[in-house]
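Trainee: no FASTA, just this:
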């Protein structure tokens, strides 16, 4: 094993290697997820516990190395990358990932090569998780099927029938609910950000004197017959209907009927009650990190994103 913080040369791999790993991390405000890919296919997903709150700038690379070792992340890793919305955690996470895998880790950033053009007024404020989710959804479901997937080479044999690109609308429902819109012409237009159920519940409890904390369980009857069930109905049915309304409103801005892609921790609740969802991809952000890394030319590094 490497000493914490040390760098080792990237492992030598060939096309005949039986298992070439791609490791991606999604560092959110309340949790950290990771994925191990065998080529374009996700092999397994894991959660990370780095000990002290990962938002603490004092949580160094050693903690990330220990956490990654506990979930058996190591060589042979050919590429590694991360999408982080916690700037304080990003340098240590990158250092730990690089030290353990021996690869140069890519930090997702709007300044890296993208599969679409950004038409966003403040690209420097665009969250890496939003960017990754939009990229994965566009490449997998929106971009012309005549284009090789993920920027790869075209398959041999007769050309596939051309399928016109479609606009894409992604919904990532977690602590926050984020929406991304990619125009069928390959332009990221922006989206919306709202509160997820846990934030709504926290706001109600913190802003009132008598409302209690209740389990976030969806009641069958939307008419609450106790304070507990009234809160559950208002938070969860309100959440479902808000997402339904935002999907309809954002879809109206597209020139076509967009492909709606759902991800995030609340995907099962939403998918069970919304008929506008075309695809449910639980780990879309992790896949988006992979897509963006593979869309880069040359070694997997992004100095511009390491801020």
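Mentor: Arrived safely. Computed from a predicted structure; not experimentally measured. Numbers count the residues shown, from 1 in each chain.
Trainee: now the nearest residue in space to residue 59 that is not next to it in sequence: how far from residue 70?
Mentor: Once flanking residues are discounted, residue 59 sits nearest to residue 52: 5.1 Å by C-beta to C-beta, 6 or more residues apart in numbering. C-betas here are computed from N, CA, C, even on glycine. Per C-beta to C-beta, to the nearest Å, residue 52 is found 15 Å from residue 70.
Trainee: Flag the shaky bits of this structure, pLDDT-wise.
Mentor: Applying pLDDT under 70 to the chain flags residues 1-20, 57-58, 74-75, 144-162, 297-307.
Trainee: ok so, going back, number of nearby residues for the residue nearest to residue 59?
Mentor: For residue 52, the neighbour count with other C-beta atoms under 10 Å is 10.
Trainee: Angles on the backbone of it, please.
Mentor: Main-chain torsions, residue 52, degrees, to the nearest 10: phi -60, psi 160.
Trainee: Report the distance from stretch 136-145 to the chain centre.
Mentor: Computed by C-alpha atoms, centre = their mean, to the nearest Å, the chain-centroid distance of stretch 136-145 equals 15 Å.
Trainee: er, stretch 108-116 I mean
Mentor: Distance of stretch 108-116 from the chain centroid (C-alpha atoms, centre = their mean) equals 14 Å.
Trainee: Now it: buried residues?
Mentor: Buried positions in stretch 108-116, judged by neighbour count with 16 or more other C-beta atoms under 10 Å: 108, 109, 110, 112, 114, 115, 116.
Trainee: What is the nearest of these to residue 172?
Mentor: The nearest member of those to residue 172, counting by C-beta to C-beta, is residue 108 at 14.2 Å.
Trainee: For the closest one, which residues are in contact?
Mentor: By C-beta atoms under 8 Å, 6 or more residues apart in numbering, residue 108 lies in contact with 81, 82, 83, 84, 128, 131, 132, 288, 289, 292, 302, 305.
Trainee: now swap in residue 137 and tell me
Mentor: Taking C-beta under 8 Å, 6+ apart, we find residue 137 in contact with 168, 170, 180, 182, 259, 261, 279, 281, 284, 288.
Trainee: Show residues contacting the strand or helix carrying residue 172.
Mentor: Secondary structure assignment for residue 172, by DSSP states H and E: strand 168-173. Outside strand 168-173, the residues within contact range by C-beta under 8 Å, 6+ apart are 129-130, 133-134, 137-138, 141-142, 177-182, 191, 196, 243, 246-247, 250-251, 254, 258-267, 270, 277, 284-285.
Trainee: Need the nearest residue in space to residue 288, chain neighbours excluded.
Mentor: Among residues not flanking residue 288 along the chain, residue 132 sits closest, at 2.9 Å (C-beta to C-beta, 6+ apart).
Trainee: so how many other residues sit close to that neighbour?
Mentor: 28.
Trainee: same check, this time on residue 130
Mentor: When neighbours are counted by other C-beta under 10 Å, residue 130 registers 26.
Trainee: I figured it hits residue 178, correct?
Mentor: Yes - under the criterion of C-beta atoms under 8 Å, residue 130 makes contact with residue 178 at 5.3 Å.
Trainee: which neighbours do the two share?
Mentor: Listed contacts common to residue 130 and residue 178 are 172, 191; contacts here mean C-beta under 8 Å, 6+ apart.
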